[in-house]
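1. coords please:
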Amino acid sequence: MDIGIPKEKGAQEHRVALTPSGVKALVREGARVWVETGAGVEAGFADADFQAAGATMVYSRAEVFGRGELVVCIQPPGERSRELLRPGQVIIANWALPVARPEEYHDLAARGITAVGLEILENEEGLATVRTSMAEIAGKLALTIGTGLLLNEFGGKGILFAGVPGVPAASFVIVGAGVLGRAAAQVAMGMGAHVVLLDRDVGRLRYALGHLGQEIPSMLATRPNLEKVLSFADLVLLAAASGADKAPLLITRDMLKLMRPRSVLMDLSIDMGGCAETSHPTYFPHPTYEVDGIIHFCVPNLPSVAARSSTVALTNALLPSLLEIVEKGFDRAFSENRGLCRGTYLYNGSCWKESLARVFGVPLAAPPCAG
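-> Got it, this is the predicted structure:
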């Protein structure tokens, strides 16, 4: 099998889809791996590292897509790169297709490709391994960045997140008790912040509190409860996106007015459309903007700022699926592995995900992995 790994072209995307050690594992199983020159430099992996692992370096994006029957990337191919796609080709990327523009979806379907979503790819036990690892990193990075945004020099209200004796710590509200929210809560609790956790599912709250091993205030994410916590929050983290569905809209602009001036709202569900009416994607070096005096941070590819760590974590999560695909071929792996099947948006151009069928009004194929 020929596998292509392009250099990422997305805004401030520093990761690469596989480490050299991941490439080496695929080569040992008989794959031919084609890596675009410079693909790993920003994550700390030189071309020589990939060559030593058995990859062949190529010097154009067109050659990567032309040679790869399977192409593994982080950001989905842009408009120009989509012209390089061909029927039957398998592209693994963070597609987030439920929030794509209709013309983009129909263009991909017409090209007859198979689109596998890194964000929804599962293992046989039903764990979304890539999404989980990236959410863990994003949750921890949220605290690194959010605590800085509360400081005066970054436009914040001048609050020390952890507090000191005689000075209260910041109030940190997390909406979404999934992996990202739990990772952020764990770090914040260790720093001594006042943490409040909300979710729309009481079962998920119960699981999160058990996982954290410490009682913290928790609430259902109803509008009255959200309005209550917004009135005292210094830092709000929105992390309520789940699976292949568009993120729920939980914070309206009117609700934003309940927050105190220069408070911070971090919407890390922005890759699936965002949870706040006032959210839109932002990128470094200008990751923030203000609406009604509230600082917004909405970077969709936050793990990219820790590119080396994130690339290693991505490889760890993705490699088992890639090894199975190399061993069996995609079609057989797709039919035998329910996690891979559930992680596929399009199969040879046919819609394979219920969320897409709902959003774009297209027929849904009957997947063998149903249930």
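2. what about Gly181, which SS state?
-> helix (DSSP: H, G, I helix; E, B strand; the rest coil).
3. measure it to Ile216 for me?
-> When distance is defined by C-beta to C-beta, to the nearest Å, Gly181 is 11 Å away from Ile216. Where C-beta positions appear, they are placed from N, C-alpha and C, glycine not excepted.
4. check Ser231 too.
-> 18 Å.
5. then Val16?
-> Using C-beta to C-beta, we find Val16 at a distance of 37 Å from Ile216.
6. give the contact list for Pro77.
-> Pro77 makes contacts with 65, 84-85, 91, 93, as judged by C-beta atoms under 8 Å, 6 or more residues apart in numbering.
7. quick one: it is in a helix?
-> No: going by three-state DSSP, the assignment for Pro77 is coil, not a helix.
8. show me what counts as buried in stretch 158-166.
-> By 16 or more other C-beta atoms under 10 Å, the buried positions in stretch 158-166 come out as 159, 161.
9. cool, and stretch 43-62?
-> 43, 45, 47, 49-50, 53-55, 58, 61.
10. tell me which entries of those residues lie within helices.
-> 47, 49-50, 61 (DSSP state H).
11. thinking again about what came up before, just the buried residues of stretch 43-62 now: which is nearest His286?
-> Taking C-beta to C-beta as the measure, Ala43 is the one of the buried residues of stretch 43-62 closest to His286, at 22.4 Å.
12. which ones are touching Asp2?
-> If a contact means C-beta under 8 Å, 6+ apart, then Asp2 has 31-32, 34, 67-70 as its contacts.
13. circling back: more neighbours, Val16 and Ile216?
-> Using other C-beta atoms under 10 Å, the more surrounded residue of Val16 and Ile216 is Val16, with 33 against 17.
14. the more buried one in helix, strand or coil?
-> Under three-state DSSP, Val16 comes out as coil.
15. give me the spatial nearest neighbour of it, chain neighbours excluded.
-> Distances taken as C-beta to C-beta, 6 or more residues apart in numbering place Gly40 nearest to Val16, at 4.2 Å, with adjacent residues excluded.
16. quick one: low-confidence parts of this structure?
-> Applying pLDDT under 70 to the chain flags residues 367-371.
17. helices of that one, start to end?
-> Going by DSSP H, the chain shows helices at 20-28, 47-52, 61-67, 79-82, 102-111, 129-149, 179-191, 202-212, 223-230, 253-256, 307-328, 330-336, 338-342, 354-360.
18. which strands and helices sit next to the first one?
-> This points to helix 20-28. strand 32-36, helix 47-52, helix 307-328 (3 or more C-beta pairs under 8 Å, 6 or more residues apart in numbering; DSSP states H and E).
19. which residues sit against it?
-> 3, 5, 18, 33, 35, 40, 45, 49-50, 52-55, 315, 318-319, 322-323, 326.
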